[in-house]
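# I'll drop the sequence and a predicted model, then ask my questions.
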Amino acid sequence: MKYRNSILTGALLALVPSALTYCGHANQGSTDKKEGSPEPGSRPNILFIVSEDNGQELGCYGAPVKTPNLDKLASEGVLFKNAYVTQAGSSPSRASFLTSLYPHQNGQIGLATWDYSMYQENTPNMVNTLKESGYRTGMIGKLHVLPESAFAFDWWETQGSNFQRKNLSRYAVEAAKFIKESDQPVYLQVNYPDAHDPFLAQVDGHPAKPLTGQDVEALPYFGVTSDSLRQKTADYYNCIMRLDDWIGDLLEKLKETGEYDNTVIIYIGDHGADMLRGKRTVYEGGVRIPMIISWSGGVRNTVYEGLVSTIDIYPTVLAITGIKAPSYLEGKSLLPVLEGSTEPVRKFLFTEFHVHSNHNPYPQRAVRNKNFKLIYNPVSGYENPGFFFTIGKKIDKTDFYKALESAPPVVGQAYERMRKPPEYELYDLRNDPFEWNNLADDPDYSKVFERLKEKLHEWQVATSDPFIDTSVAERLFLEIKAANEKKVEIGYHEYMDPHLVLTESEK
């Protein structure tokens with residue numbers, strides 16, 4: 001993949017500041033701080049914990065799994081009930097929360113392991129912004145965004161995904177060492193491999209008492225159940241419990257450094273579970289994730305109901321650390337929420353999908369408000385080539401269709417709709433949280449449909465979405481299908497990069 005030297009996209013070029021400004025502690029004047037909060041003007045550390053492939057299946061979100069450490073963290077800060085990633089795939093999700101741009105803007109539309117990459121090598125990002133303002137920057141685990149050279153980490157330990165879960169106890173030890181040895185405020189991102197496939201029931205004695213398929217029900221958004229799906233769910237929960245153990249260890253080590261009260265702790269999953277109707281989709285099981293932020297300058301034991309996105313993390317960190325945020329960032333600061341505001345951060349929230357590995361291309365866009373969600377499928381009429389790839393990894397096809405026979409007809413219709421999507425899907429999330437009933441053609445919902453369709457179009461225009469032209473979406477889809485079958489090179493940088501498109505139109 002070739003990288004160009006222009007800084008971001010043409011539309012954003014003039015808005016990127018040449019220097020970042022430190023404005024002092026951004027929380028001065030808050031009246032609802034915790035005990036032991038830092039003095040005004042101090043610069044807190046940032047501990048950013050990212051887990052793999054898990055949605056809101058935590059005890060503090062009401063799931064039937066024990067996660068005492070994350071539950072305690074939530075009690076010390078804000079739990080975001082309606083938090084979303086921009087795309088339900090690791091690389092696009094991670095590039096978005098590090099740049100505060102949607103995948104179609106930064107270019108990381110698919111997995112880095114399949115050579116998808118950001119458009120620009122010098123795309124501004126949270127790591128570099130903090131480094132330039134005096135933070136020491138560190139990473140444990142995988143980055144999974146290309147090019148890696150775009151991120152100026154001062155220190156990087158245990159590089160890679162570590163899906164075999166080797167030496168996970170080392171993460172906390174190395175994190176504490178990094179924090180303790182620094183004479184600067186630190187940004188440290190710690191990336192845990194759970195709950196990524198393979199769903200290992202137990203590693204190094206964690207969890208102490210693994211669940212079995214007899215202990216659990218299949219995740220409700222599957223709509224189907226079987227012995228194999230119950231066992232997959234049990235082992236997924238075992239991964240979540242192990243994750244909680246190691247995060248508890250990390251937080252204890254942070255306390256031992258004496259920096260706990262001066263550290264903003266952010267925890268998220270990078271997208272939903274690698275299960276039926278989860279990862280690689282724009283359904284709720286894929287894009288809705290856990291997000292907890294605990295900070296001594298903020299409120300405690302609070303549940304925020306409003307819509308938030310992981311692109312909000314970057315501007316939130318800048319607001320907390322007192323750094324002036326570039327105006328082009330797509331995210332919104334959550335600092336008012338951390339200080340106790342219950343006002344909506346946004347009325348509409350957007351997600352998207354392009355490709356995961358080359359087995360899974362199917363362009364999609366989605367918008368939701370408080371109650372309804374609209375999905376747009378710009379290449380409707382084509383079968384989704386990722387359907388059986390995902391289904392087949394978690395349940396044998398024969399078992400799947402047998403399970404469907406026992407499910408309500410609406411569930412079978414939903415899976416068929418997932419296999420060959422219509423142009424639009426509309427769901428009433430209040431009454432249909434698992435997205436079974438498509439209301440796009442129901443005249444009783446025509447006003448909602450048109451309103452969300454209008455908002456989606458406005459967002460596409462505002463963010464220079466290349467898929468506003470359906471021929472571009474079709475070109476990408478067919479090009480990736482051909483690449484999967486014939487191993488041809490994918491040239492999406494040349495026709496989707498907004499900077500090149502703008503430059504060409506100006507000639």
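That came through, no problem.

# who's in contact with residue 259?
By CB atoms under 8 Å, 6 or more residues apart in numbering, residue 259 lies in contact with 45, 179, 180. Every C-beta, even on glycine, is put in place using the N, C-alpha and C of the backbone.

# And the residues you listed, which of them are buried?
Among the contacts of residue 259, the ones that count as buried by 16 or more other CB atoms under 10 Å are 45, 179.

# and the residue nearest the centre of the chain, what does it touch?
By CA atoms, centre = their mean, the chain has its centre lying nearest to residue 85, at 3.3 Å. Residue 85 is in contact with 93, 96, 97, 270, 271, 287, 289, 309, 310, 351, counting by CB under 8 Å, 6+ apart.

# same thing but 10 Å
55, 92-94, 96-97, 103, 268-272, 286-289, 291, 309-311, 351 (CB atoms under 10 Å, 6 or more residues apart in numbering).

# Any regions of the stretch 301-450 of the chain where pLDDT drops low?
Applying pLDDT under 70 to the stretch 301-450 of the chain picks out no residues at all.

# what's the answer for the stretch 1-150 of the chain, then?
In the stretch 1-150 of the chain (pLDDT under 70), the answer is 1-41.

# Isn't residue 217 up against residue 65?
No - Residue 217 lies out of contact with residue 65 (CB atoms under 10 Å); the separation is 11.8 Å.

# so where does the closest residue to the residue nearest to the centre of the chain other than its chain neighbours fall, helix or strand?
Nearest non-adjacent residue to residue 85, counting by CB to CB, 6 or more residues apart in numbering: residue 93, 4.4 Å away. Take DSSP states H and E as the rule and residue 93 turns out to sit in helix 90-99.

# how about the CA coordinates for the following helix or strand past that helix, as PDB?
Heading C-terminal from helix 90-99, the first helix or strand you meet, by DSSP H and E, is helix 103-106. Extracted C-alpha coordinates of helix 103-106, given in PDB (Å, rounded to 0.1, in the frame of the first residue of the first chain):
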ATOM      1  CA  PRO A 103     -13.500   4.800   8.400                       C
ATOM      2  CA  HIS A 104     -14.500   6.200   5.000                       C
ATOM      3  CA  GLN A 105     -12.700   9.500   6.000                       C
ATOM      4  CA  ASN A 106      -9.400   8.000   7.300                       C
END
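
# On the C-terminal side of helix 103-106, identify the next helix or strand.
Using DSSP H and E, the helix or strand that follows helix 103-106 in sequence is helix 126-132.

# Show me the strands in the stretch 51-200 of the chain, by range?
Remark: strands assigned in the stretch 51-200 of the chain by DSSP state E, counting those that start in this stretch are 78-84, 136-140, 155-157, 186-192.

# for the stretch 301-450 of the chain, same thing?
For the stretch 301-450 of the chain, the strands defined by DSSP E, counting those that start in this stretch cover 302-309, 349-353, 364-368, 372-376, 424-428.

# Can you add distance to residue 137 and give those strands back as a markdown table?
Converted to a markdown table, the strands of the stretch 301-450 of the chain look like this (distance: least, CB to CB, whole Å):
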| stretch | distance to residue 137 |
| --- | --- |
| strand 302-309 | 23 |
| strand 349-353 | 28 |
| strand 364-368 | 33 |
| strand 372-376 | 36 |
| strand 424-428 | 40 |
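
# still on that earlier bit, and the residue nearest to the centre of the chain, how close does it get to residue 45?
24 Å (CB to CB, to the nearest Å).

# returning to what we had before: how much space is there between the residue nearest to residue 85 and residue 63?
Distance from residue 93 to residue 63, by CB to CB: 21 Å.

# ok, now residue 125?
Distance from residue 125 to residue 63, by CB to CB: 32 Å.

# How about residue 47?
According to CB to CB, residue 47 stands 24 Å off from residue 63.

# Show me which of the two is the more surrounded one.
Neighbour count, other CB atoms under 10 Å: between residue 47 and residue 63, residue 47 has more, with 24 against 17.

# What is the three-state secondary structure of that one?
strand (DSSP: H, G, I helix; E, B strand; the rest coil).

# wait, doesn't it sit right on residue 264?
Yes - between residue 47 and residue 264 there is a contact at 7.0 Å, judged by CB under 10 Å.

# Can you work out which residues contact both of those two?
Common neighbours of residue 47 and residue 264 (criterion: CB under 10 Å, 6+ apart): 187, 294.

# Quickly find the element holding residue 278.
Of the helices and strands defined by DSSP H and E, none includes residue 278.

# where does the stretch 151-300 of the chain have low pLDDT?
For the stretch 151-300 of the chain, no stretch has pLDDT under 70.

# What are the boundaries of the helices in it?
Ranges of helices in the stretch 151-300 of the chain, per DSSP state H, counting those that start in this stretch, are 169-181, 227-256, 284-287.

# For residue 498, find the nearest of these.
helix 284-287 (23.0 Å; CB to CB).

# Can you dump the C-alpha atoms of the closest one in PDB for me?
The C-alpha coordinates for helix 284-287 follow below in PDB (Å, rounded to 0.1, in the frame of the first residue of the first chain):
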ATOM      1  CA  GLU A 284     -26.800  -3.800  17.400                       C
ATOM      2  CA  GLY A 285     -24.900  -7.000  18.300                       C
ATOM      3  CA  GLY A 286     -21.900  -5.700  16.200                       C
ATOM      4  CA  VAL A 287     -21.800  -2.000  16.800                       C
END
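
# So if I had to pick from residue 217 and residue 65, which one is more boxed in?
Remark: of residue 217 and residue 65, residue 65 carries more neighbours, 20 against 13, as counted by other CB under 10 Å.

# List the residues that contact the more buried one.
For residue 65, the contact set (CB under 10 Å, 6+ apart) comprises 57-59, 207, 211, 216, 233-234, 236-241, 244.

# Since that was my last question, I'll sign off now.
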